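1. Requesting a structural model of the entry that follows:
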Amino acid sequence: MEPTLFDGDTVLVDMDRKAPNPPGIFVLDDGMGLVAKRLQHVPNSDPPAVRVISDNKHYPEYERTADEIVIIGRIRWFAREI
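-> Down below sits the predicted model:
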């Protein structure tokens, strides 16, 4: 998620907030581990889908159905060592 979040940043995750509406930065399990990504609900999608977006432009955005990813929660706060 660079340049927004960096390796080693501390994040506070609200595990009660799993719906990507409104859009925001979430922790999700993509099948290979936990990652932080921006999620947006894809309107009028059947089955329901989300758009997964990285702030790092080296990683393209993609869409997944709600069954293909596990949303852990919404990132509410972060801290970085200076």
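2. I'd say Arg64 and Val50 touch.
-> Yes - the criterion here is C-beta atoms under 8 Å, and Arg64 meets it with Val50 at 6.0 Å. C-betas here are computed from N, CA, C, even on glycine.
3. the more surrounded of these two?
-> Ranked by neighbour count (other C-beta atoms under 10 Å), Arg64 and Val50 place Val50 first, with 26 against 16.
4. which residues sit against the helix or strand containing the more buried one?
-> Taking DSSP states H and E as the criterion, Val50 maps to strand 49-53. Contacts to strand 49-53, defined as C-beta atoms under 8 Å, 6 or more residues apart in numbering, come from residues 20, 28, 30, 37-42, 61-66, 69.
5. So which of those residues are in strands?
-> Among the contacts of strand 49-53, the members falling in strands (DSSP state E) are 28, 37-42, 62-65.
6. just the buried members of those residues?
-> Neighbour-count burial within the ones in strands among the contacts of strand 49-53 applies to 28, 37-40, 42, 64; the criterion is 16 or more other C-beta atoms under 10 Å.
7. Pick out the most distant pair among the residues you listed.
-> Maximum pairwise distance among these (C-beta to C-beta): 15.1 Å, between Leu28 and Val42.
8. Touching, Ile25 and Arg76? I think so.
-> No - applying C-beta under 8 Å, one finds Ile25 not in contact with Arg76, separated by 9.2 Å.
9. which of the two has more neighbours?
-> More crowded of Ile25 and Arg76, by other C-beta under 10 Å: Ile25, with 20 against 12.
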